Structure formats: C-alpha cells, structure tokens
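> With the input below, show me the fold.
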Amino acid sequence: MAQKEFADFEVDVDLSEVNAWGGESRPPLPPGDYVLQATHVEQKPAKSSGNPMIVVEFTVVDGGDGECAGFKVFNNYVLTPNAMGRIKQLMIAVGGSLDGKIRASEIMGATIRATVIN
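Next comes the predicted model:
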C-alpha cells in the first residue's frame, strides 16, 4: 500500500480564550473512583443506527475529593447483542432484575460505584 505524502500547513487561530476540554462549561470528570446516582433514564433510538437505546444520566454524589459533586456522567446502552454485557453490568450494579426485562424504575435513583478512566 502506497504511503500518502505529508503536506505541512498552518492555520491562524486564537486559542488563548478557549477551554482545552471543548465547549462544556467545565472539564470532563477526572479519572478516579466515584459514587454516582442515576438521575435520568430514557429510551430512544440511537442516532447512528436507529436501534433502541437506553440513555442514563448519572450525577456524581461522592468522589474526586468532593470537587466533582454534581458533575454529570452519561452512558448510552444500545440494545444490540454486542452490548448485552454492558447492559448486564448496569443491571447488576443497580441491583436490578436479570429476568429478561430492563425496567427504568430499577435504574432510576440507584446509586452505584464507578471508576472513570476516560
């Protein structure tokens, strides 16, 4: 396979007033161990595939030396055969049933321990 030729370039931009983490109002949650509470759960289709997806919003309750309380963490669980392991991990973590039904009521309000690795 032929290697593409590299062409150097320059673009004039002013990054002095831009947050290094993107457009968010604060940086992403630093790696570490946290206690999270599920504060919002909804089902909707995944934008890319249209497959059903469970979206869980977690709020940091404890961890990160207290500086991260209130931070939000979002996880999308697309309901495909390849994702069933992640969904089972979620249901075990929240103490939910493993009877073949995913109940939002078993996720909502649940408190879990999580390790953020970014």
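> rest of the way, CA atoms for contacts and neighbours
OK.
> How far does the lengthiest helix in the chain sit from its chain's centre?
Criterion DSSP state H: the longest helix present in the chain is helix 84-93. Relative to its chain's centre, helix 84-93 lies at 14 Å (CA atoms, centre = their mean, to the nearest Å).
> Just the residues contacting the helix or strand following that helix, thanks.
Downstream of helix 84-93, the next assigned helix or strand under DSSP states H and E is helix 104-107. By CA atoms under 8 Å, 6 or more residues apart in numbering, the residues outside helix 104-107 that reach it are 38, 41-42, 91, 94-97.
> Grab the nearest non-local neighbour of residue 42.
residue 55 (5.3 Å; CA to CA, 6 or more residues apart in numbering).
> Is that neighbour in contact with residue 73, as I believe?
No - counting by CA atoms under 8 Å, residue 55 does not reach residue 73; the two are 10.7 Å apart.
> coming back round to it: helix/strand/coil for the residue nearest to residue 42?
Following DSSP: H, G, I helix; E, B strand; the rest coil, residue 55 is assigned to strand.
> Quick check: bridge partners of it?
In this entry, residue 55 is beta-bridged to residue 42, residue 76, by DSSP bridges.
> what's near enough to touch it?
Taking CA under 8 Å, 6+ apart as the definition, contacts of residue 55 comprise 41-44, 74-77.
> Flag the shaky bits of the protein, pLDDT-wise.
Low-confidence segments of the chain (pLDDT under 70): 1, 18-27, 118.
> rerun that using 90 as the cut-off
For the chain, the stretches flagged by pLDDT under 90 are 1-32, 63-68, 73, 82-83, 100-101, 116-118.
> follow-up on the earlier one: buried ones among the contacts of residue 55?
Among these, the ones that count as buried by 16 or more other CA atoms under 10 Å are 41, 76-77.
> Need these in TSV (columns: distance to residue 85).
Below are those laid out as TSV (distance: CA to CA, whole Å):
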residue	distance to residue 85
41	19
76	13
77	10
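> Out of the residues you listed, which is nearest to residue 4?
Of all the buried ones among the contacts of residue 55, residue 76 has the smallest distance to residue 4: 36.2 Å, by CA to CA.
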